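Participant: My questions are about this predicted structure, shown below with the sequence.
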Amino acid sequence: MIKEQIDQKYIDQAHNLEAEFFNIADKGLLNQHRELKEGKLITDFNLQHGEIWHNHETELISEGFLEPIPEPQPPCSIHLARLTGINPDKVKPATVVRTWEDKDYTYDCFVTQTIKDQWVAGNIAIGDIVLVEFLEDVADRAIVIHKVFKTW
């Protein structure tokens, strides 16, 4: 299928859905508007309309006419995270969980010598809150730089 055929298929579906839910009140070009048909809910229309355009996007991606939108990723900013693992044998020995926009992101991090020393001394434990920053603002170069201590 060519892109124009895919587009037309979903435009037709959208027009059919609109005809199912609305009456066009023609009061002249400037006064034309839609009136919701009796027994129809705008929330149902919005859900079905959104599904049509989601399916349109999915088909365009599957046919190679559109690139998928990448999932949003947390910014490379200094942040607090919960320490969930330490494996001294790994290049990135610390595993942390960061919550960003109500979603948890787990990743491995480098550690400073101070963090390593605290781990060896037993002064840092799984579940502690740590401060993480990024070397050169690169996502896969996160480093745990400090343990956060409660002061109250």
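Facilitator: Yes, it's here. Every value quoted in this text rests on a predicted model; they were computed, and no experiment measured them.

Participant: C-alpha only now, for contacts and for neighbours.
Facilitator: Fine.

Participant: check contacts around the residue lying closest to F22 once chain neighbours are set aside.
Facilitator: Ranked by Cα to Cα, 6 or more residues apart in numbering and with sequence neighbours excluded, the top spatial neighbour of F22 is L36, at 4.5 Å. For L36, the contact set (Cα atoms under 8 Å, 6 or more residues apart in numbering) comprises F21, F22, N23, I42.

Participant: taking these one by one, which sit in helices?
Facilitator: Applying DSSP state H to the contacts of L36, the entries found in helices are F21, I42.

Participant: And the buried ones among the contacts of L36, selectable in ChimeraX?
Facilitator: For the buried members of the contacts of L36, the matching ChimeraX selection, counting by 16 or more other Cα atoms under 10 Å, is:
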select :21,22
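
Participant: between the contacts of L36, which is nearest K90?
Facilitator: Using Cα to Cα, I42 is the member of the contacts of L36 that lies nearest K90, at 54.7 Å.

Participant: Let's see the pLDDT reported for the closest residue to the closest one other than its chain neighbours.
Facilitator: What sits nearest to I42 in space, not counting adjacent residues and going by Cα to Cα, 6+ apart, is L36, at 7.5 Å. Note for L36: predicted pLDDT of 89.

Participant: how close does L36 sit to N23?
Facilitator: Distance, L36 to N23, by Cα to Cα, to the nearest Å: 6 Å.

Participant: Ok, W53 next?
Facilitator: Relative to N23, and taking Cα to Cα, W53 is found at 22 Å.

Participant: next one: D104
Facilitator: Taking Cα to Cα, one finds D104 at 46 Å from N23.

Participant: I61 contacts P68, doesn't it?
Facilitator: Yes - when contacts are counted by Cα atoms under 8 Å, I61 is listed as touching P68 (6.2 Å).
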